[in-house]
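**Q** coordinates only, sequence not included:
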C-alpha cells in the first residue's frame, strides 16, 4: 500500500540561517550567512519524509506577496501543494547560531488570518486530509486564529484521521492537546508549560509524559536537545542519547525527529528502532544549514552510535508513585 503523509503548517516562515561569534547586543555583529530557506515546522517534516521517499502533501497558509520560493521548493522536491493563499507576507525568522552552539531566534510577525479565511481552510482541509495515513500538524498559530476554533478543528481532524501527529508550543500546544492526538513531541520546556511546573529530573519528565499517555495520546516523545529524547507508549519507555556531532545549526532538528518518528511508525518498525532512527536523523540535521539532506551511509553510522536505554522498570515505579499520590 502506498504510504501518504500530509503536513499542516499554519504559520510558515522563511528561515534566515547564519553563524556568528558571541552575539553582542547594541553592536554590529558579523554573520556568516548559510541561506534563506522556505520553512516552517510542518514543511521541514515534509522535507525529511520526502527525502525518505514518502509521498507528501503540504498545506496551511502562505502569504500572497512572497510565496514564489515556497512554490518552487515544493515543485523541486515533488511535494504536493495544498496551501491556501492569503493576503500579506509570510514571515521571516532569523536563526543565529553562536560558536558555542547556542541558537538565538528572532521570529518576526507575518500575515493575519480572518475568520472567513480560517473557516474556509477548516472545512476544505478536513475533506482532503481524511485520505491520508498520517497527518502532522506542526508549528505556531498565525494572528487571527482563535484557540477554541483551533481545538475544534483538531478534534474534527482526529475523527477524520486516526493518526494525527502534533508538535507545537505555548497556547497552541495546550489547545491542540485537548484533541488527544495520536502522537505529540514537546520539548522539556513545552512539557513544563503544559504540566504547570518545572521538570528538573528525568523522573519528573517521565511522570508528565505518562500523564499525557494515560489521557489518551498513544505516543509521547519528549525531546531533550543534547540529552536525547524519551519515548513513552503502551510498549514501554525508552531514552535515546545522540552521538556527539559538530553543530552547524540546530534549526529543524526537532522537525527532523518528528519526520523520523513518523517514518518508523508508518513502516511498523519496533519502537526501539524508530526512536534510534529518529534520533540519528535529528543528529544529522544539526550538522547541516538546511533540513532534508539525508546521507544514508552517514545515517547508518549515526544510528549505530545512538545510545538506547529501556526505562520500563523506572516507568513502572513512576506509575506506582502516581497511584500513591492519587
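**A** Done, it's in. These numbers were taken from a predicted model, which means no experiment stands behind them.
**Q** all helices in the stretch 51-200 of the chain, in order from the N-terminus.
**A** Using DSSP state H, counting those that start in this stretch, the helices assigned to the stretch 51-200 of the chain run over residues 68-77, 115-129, 147-160, 170-177, 188-195.
**Q** a markdown table for those helices, including mean pLDDT?
**A** Below are these laid out as a markdown table (pLDDT from 0 to 100):
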| stretch | mean pLDDT |
| --- | --- |
| helix 68-77 | 94 |
| helix 115-129 | 96 |
| helix 147-160 | 96 |
| helix 170-177 | 93 |
| helix 188-195 | 92 |
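**Q** closest to residue 138 out of these?
**A** Closest approach to residue 138 among these is made by helix 170-177 (10.1 Å; CB to CB). In short, each C-beta sits where N, CA and C put it, glycine included.
**Q** Export the helices of the stretch 51-200 of the chain to TSV and append columns for distance to residue 4 and mean neighbour count.
**A** Output for the helices of the stretch 51-200 of the chain, formatted as TSV (distance: least, CB to CB, whole Å; neighbours: other CB atoms under 10 Å):
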stretch	distance to residue 4	mean neighbour count
helix 68-77	15	14
helix 115-129	11	15
helix 147-160	14	17
helix 170-177	22	18
helix 188-195	28	18
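**Q** got TSV for the ones you listed, with distance to residue 139 too?
**A** Formatted as TSV, the helices of the stretch 51-200 of the chain follow (distance: least, CB to CB, whole Å):
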stretch	distance to residue 139
helix 68-77	14
helix 115-129	14
helix 147-160	12
helix 170-177	8
helix 188-195	12
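**Q** Test my guess that residue 308 contacts residue 276.
**A** Yes. Between residue 308 and residue 276 there is a contact under CB atoms under 8 Å: 5.5 Å.
**Q** about what we covered before: and of the helices of the stretch 51-200 of the chain, who's closest to residue 231?
**A** Closest approach to residue 231 among the helices of the stretch 51-200 of the chain (CB to CB): helix 188-195, 13.3 Å.
**Q** Next, give phi and psi for the residue nearest the centre of the chain.
**A** A centroid search over the chain (CA atoms, centre = their mean) returns residue 255, at 3.8 Å, as the residue closest to the centre. Backbone torsions of residue 255, given as degrees, to the nearest 10, read phi -70, psi -40.
**Q** from now on call the first residue 19
**A** Done: numbering now begins at 19, and the last item shifts to residue 273.
**Q** now it, nearest residue through space, not along the chain?
**A** Nearest in space to residue 273, with sequence neighbours left out and distances taken as CB to CB, 6 or more residues apart in numbering, is residue 62 at 3.6 Å.
**Q** Please identify the helix or strand for that neighbour.
**A** helix 59-69 (DSSP states H and E).
**Q** which residues are contacting that helix?
**A** For helix 59-69, contacts defined as CB atoms under 8 Å, 6 or more residues apart in numbering pick out 23, 25-27, 30, 74, 76, 78, 88, 95-97, 154-157, 185-186, 270, 272-274, 276-278, 280-281, 299, 309-312.
**Q** Drop anything exposed from those.
**A** Among the contacts of helix 59-69, the ones that count as buried by 16 or more other CB atoms under 10 Å are 23, 25-27, 30, 74, 76, 78, 88, 97, 154-157, 185-186, 270, 272-274, 276-278, 280-281, 299, 309-310, 312.
**Q** In strands only, show me those.
**A** If you go by DSSP state E, the buried ones among the contacts of helix 59-69 have 23, 25-27, 74, 76, 78, 154-156, 185 in strands.
**Q** Among the helices of the stretch 69-218 of the chain, which comes closest to residue 289?
**A** It is, among these and with distance given as CB to CB, helix 206-213, at 19.4 Å.
**Q** Tell me which residues are up against that closest one.
**A** Residues from elsewhere that reach helix 206-213, judged by CB under 8 Å, 6+ apart: 186-188, 191-192, 195, 204, 216-217, 223, 226-227, 229-230, 240-243.
**Q** so what's residue 21 up against?
**A** 72-73, 151, 284-285.
**Q** Now that we have those, can you turn them into TSV and tack on neighbour count and distance to residue 258?
**A** Shown next, in TSV, are the contacts of residue 21 (neighbours: other CB atoms under 10 Å; distance: CB to CB, whole Å):
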residue	neighbour count	distance to residue 258
72	20	22
73	16	27
151	18	24
284	18	19
285	13	17
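**Q** gap between the residue nearest to the centre of the chain and residue 327?
**A** 24 Å (CB to CB, to the nearest Å).
**Q** Okay, and the beta partners of residue 184?
**A** Going by DSSP bridges, residue 184 is paired in beta bridges with residue 155, residue 202.
**Q** got it, and residue 26?
**A** In this entry, residue 26 is beta-bridged to residue 77, residue 155, by DSSP bridges.
**Q** Hmm, it is touching residue 153, no?
**A** Yes. Residue 26 is in contact with residue 153 according to CB under 8 Å; the separation is 6.8 Å.
**Q** I am finished for the moment; much appreciated.
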